[in-house]
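S.K.: predicted coordinates and the sequence they were generated for:
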Amino acid sequence: MPKITVNNKELEFEEGMTVLQACELAGVEIPRFCYHERLSIAGNCRMCLVELEKSPKPIASCAMPASDGMKIKTNTPFVDKARKGIMEFLLANHPLDCPVCDQGGECDLQDQSLFYGFDKSRYTENKRQVKEKYMGPLIKTQMTRCIHCTRCIRFATEVAGIPELGATGRGEDMEITTYLEKSMESELSANVIDLCPVGALTSKPYAFEARPWDLKKTESIDVMDAVGSNIRVDTYGWEVKRVLPRVNEDINEEWISDKTRYACDGLSKQRLDIPYIREGGKLKKSTWDEAMKLIITKLKSFSPNEIGGLVGDLADLEMIYSFKSFFEKCIGSTNFECRQDRIYINPQERMNYIFNSSINGIEQSDFILLVGTNPRLEATILNSRIRKSYIKNKLKIYSIGDAGDLTYPYENIGSSTSVIREIVTGTHKISDKLKKALKPIVIIGDSALCGKSGKYVFEALKNFLSRNNFINKDWNALNILTQQASRVGGIDLDVYSISETENFSFFDKLNNNVFKFIYLLGADNINFDKKDSFIVYQGSHGDKGAELADVILPGAAYTEKNGLFINLEGKLQSAYKASYPPGDAREDWVIFKDLSNMMKKPLGYNDAKDLRTLINKYIQSKNFKDIKKAIDADFVEESILVKPIDYYYTNSIVRSSKVMSECRQISKKFLFTGIEKAS
Amino acid sequence: MSVKKISKAQPELFEFNSENLEKAKKEIMKYPKERKASAVISLLFLVQKQNDNWIPLAAIKYVASMLGMPYIKVYEVTTFYSMFNLSPVGKYFVQVCTTTPCMIRGAKKITDVCKKLISQNQQELSDNKICSWTEVECLGACVNAPMMQINQDYFEDLDENSTKEIIQKLLMDEFPQPGSAKNRKNNSPETGKTTLLEIKNA
């Protein structure tokens, strides 16, 4: 390996590294504004200047490739003077408004000027004044503060795949803007706020809300989609002020979607904070005691067969497990279901319902087939990985069903199940390409699994992949893209009603009004006609489920409890409590514990620790049936249409959020992508 | 240098005429297929020629979709180069050089004349709508500073009076004689040739 000397310390580095990266290996910190490890190199801020032996001028370490025998110095007066000069130029036009700037306290320029800034200015000229730009409801701009690092432009073009930002003019007149100040049309747009090293791009909903040092920071897990992005929840007192990404190389790198980031204002709106009972068609405030007693009397008046339960999209494992054991032990019913959207699943093996290739695996792949899915809206972070892989490997991407604009080019090869039959039987043109691929990925989405042909789509593709040895120890090409944070956990805990022959028995019973008592555990995305059934809704927000309910039990939202979540790859992650449930609301497993105690049929746990032990035991002891018999499904001719997704309207928290509804209005107004189809 | 203003009055549609479309295709052919975006400057130049010396927004979209580029990238190019105009300019477009050599030789006086006779601000049409002016960076005729460019021609060795004369002519819709105002031939000395006397057309 080549060697480099940094501050008289010799060390080895990998071929292809830049001087800056080599210096970091040596443990030397280099100040920088434009350089970012996940973006291309621009080399325009000049803050990372270092001294190279025999070079008369300092060099920009971020853009200079390291080579064997280089002697770098970073702590000489020469370097210090160069950096101070750069800082003086940067500050020449930067306003001194740190006291009123939202970036204050977490600003790179502020931090670095502490080391390289002069204490007074030598400039008497007026500072540059730049008009504020409109970039949508999420990004607040204060372009006078901009130092033209172009990180935001590079992010939008490279990572988000929506080339909407650019720099107009030149020299002193250079300005960062979107084309004619259109709102940014990316689901990852707000990441530019984190990337901005100064206060030019700040968060609009969080503007002047709090100072970073006043906030309590809790590391947690996101539930807006099934990816399970790692987040940090910042709270001030009870209120969640903002959500920021946390680095997890295996899942979200350091990005999060706009929904993850800005749905948090929905946590303080439309909340259920007291139990309600419906009397004479109207919901009336009640007490826990009264509500629970009513539920228990009602439960006793029906036979277990007439009682059904449905788990919603945001449930954690504690919630699902206690719900399940409550149903089994206290009611004696197994009529429960975790699928609100009636998609086909085959829970025989764990790989049948998770994303087996893993999110990291996408980067190694050389062939991607999307089946009835729009990953951009269903799993935004995963989509950015596909884009990364597309840029890195130039891989071919095919889709069955028109997925719309996915931020990377793909070929639509038809939208019917007959295409799948052709691929499986080897008559389709991509069939051979798929067989020749080294690490192919087949991603099956909800839209392909929800129809009558769901069973055929899944089983045929699985059989095809295992026949061609794409499901083995090293690589598993079969991937299910779930959209709900609770889905994989729910299936892992066996919360479904599936028999050998019938996949949707719960839904049939529901639609035939077999259930006289329905327990909705945060289930808000369900459409059915309520007739004479008695409905209990337990959840955090007053939404569709609460509208139907006869009794409402207020529960906690995802930031208000410690909970376990399993993401779409099957990774178990723990979310931590950042604030408290409002009013009389309780954590959900406590509600089931209290109910069961009142029924004198205790569930066998008293605290969260006991409960987690039980959950762990359940998941670990779960043995999937050894008979791995391939299921042969009959071919069903059906068209695969990628279901349109109302991205900013998918769950009860998002629906209560004002910021999200603003985004929704704008995304409906113009679907502008920055590129019209090239003629 | 002036910040470019985008004209408020914009045509709905822009398309190359058949002659320019032919030229544009030729330009695109000069580059490898996947690098056809390289033709952007030539295409914008064609747009400007066809559209009375300025580029409307519709043309930016037109060029962008022709080259498969995002709008903002084409927009960046048009704002970067001072030779591209984003709002209508007069039939006579006066570009006054204000870079150092011209500035030292009195470019300020020329811009003052322009302000007085053409329009108070740059990039604005004169009262009779046929003339506009702007400051530009070096036009490469420093030996004959101060100078200005009107449409495709250079006017050199200017002072306050000669500029006034030129602009008054423009405003009367007459095109003045280009070249040195002091009747220098190219950039030979004012008093006539001192070297190469034996060569006739030197």
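M.R.: Yes, it's here.
S.K.: contacting residues for A:T144?
M.R.: Neighbouring residues of A:T144 by C-beta atoms under 8 Å, 6 or more residues apart in numbering or on different chains: A:93-95, A:127-130, A:200. Where C-beta positions appear, they are placed from N, C-alpha and C, glycine not excepted.
S.K.: ugh, wrong one, A:K571
M.R.: A:228, A:250-251.
S.K.: what about 7 Å?
M.R.: A:G228 (C-beta atoms under 7 Å, 6 or more residues apart in numbering or on different chains).
S.K.: so where's the chain uncertain?
M.R.: Reading this off chain A. The model of chain A has pLDDT under 70 over residues A:624-630, A:669-679.
S.K.: hmm, no, I was thinking of chain B.
M.R.: Ranges of chain B meeting pLDDT under 70: B:1-3, B:202.
S.K.: how is it carved up into domains?
M.R.: Following automatic domain parsing, one gets these domains for chain B: B:18-80, B:92-180.
S.K.: which residues does the longest helix that chain A contains contact?
M.R.: Longest helix in chain A, counting residues (DSSP state H): helix A:77-92. The contact list for helix A:77-92 (C-beta under 7 Å, 6+ apart) reads A:31, A:46-47, A:49-51, A:58, A:73, A:109, A:112-113, A:116-118, A:123, A:147.
S.K.: let's go with 10 Å and repeat that
M.R.: Here helix A:77-92 makes contact (C-beta atoms under 10 Å, 6 or more residues apart in numbering or on different chains) with A:30-31, A:33, A:45-51, A:57-61, A:72-74, A:76, A:94, A:109, A:112-113, A:115-118, A:121-123, A:125, A:127-128, A:147-149, A:172, A:198.
S.K.: what sits closest to the residue of the stretch 301-450 of chain A found nearest chain B if chain neighbours are left out?
M.R.: Residue nearest to chain B within the stretch 301-450 of chain A (C-beta to the nearest C-beta): A:P409, separated by 10.7 Å. Excluding the flanking residues, the one nearest A:P409 by C-beta to C-beta, 6 or more residues apart in numbering or on different chains is A:I397, at 7.3 Å.
S.K.: so which bits of chain B are right by chain A?
M.R.: B:1-4, B:6, B:36, B:57, B:60-62, B:64-82, B:137 (C-beta under 10 Å from any C-beta of the partner chain).
S.K.: just the buried residues of the residues you listed.
M.R.: Among those, those classed as buried by 16 or more other C-beta atoms under 10 Å in any protein chain shown are B:1, B:4, B:36, B:57, B:60-62, B:64-67, B:69-80, B:82.
S.K.: filter those residues down to the ones in helices?
M.R.: Residues of those located in helices (DSSP H): B:57, B:60-62, B:64-67, B:71-80.
S.K.: circling back: following element in sequence after the longest helix of chain A, please.
M.R.: Using DSSP states H and E, the next helix or strand after helix A:77-92 towards the C-terminus is helix A:108-116.
S.K.: quick one, helices of chain B?
M.R.: Taking DSSP H as the criterion, chain B carries its helices at B:18-29, B:40-50, B:57-67, B:71-80, B:100-104, B:107-117, B:160-171.
S.K.: with the stretch 351-500 of chain A instead?
M.R.: A:375-378, A:380-393, A:417-425, A:429-436, A:446-449, A:454-467, A:487-492 (DSSP state H, counting those that start in this stretch).
S.K.: on that earlier part again, can you sort out which of the contacts of helix A:77-92 also neighbour chain B?
M.R.: Among those, chain B is touched by A:E172 when using C-beta under 10 Å from any C-beta.
S.K.: contact partners for B:N53?
M.R.: Residues counted as contacts of B:N53 (C-beta under 10 Å, 6+ apart) are B:84-85, B:88-91, B:93, B:132, B:151.
S.K.: now the strands for the stretch 551-679 of chain A?
M.R.: A:551-554, A:563-566, A:572-575 (DSSP state E, counting those that start in this stretch).
S.K.: quick check: A:D532 touching A:N513?
M.R.: Yes: with contact defined as C-beta atoms under 10 Å, A:D532 reaches A:N513; the gap is 7.8 Å.
S.K.: those two: which has the busier surroundings?
M.R.: Each of A:D532 and A:N513 has its neighbours counted (other C-beta atoms under 10 Å in any protein chain shown); A:N513 has more, 14 against 6.
S.K.: state the distance from that one to chain B.
M.R.: Applying C-beta to the nearest C-beta, to the nearest Å, the value for A:N513 to chain B is 54 Å.
S.K.: hmm, A:I256 is touching A:R246, no?
M.R.: Yes: with contact defined as C-beta under 10 Å, A:I256 reaches A:R246; the gap is 8.7 Å.
S.K.: mutual contacts of these two, please.
M.R.: Common neighbours of A:I256 and A:R246 (C-beta under 10 Å, 6+ apart) are A:222, A:229-232.
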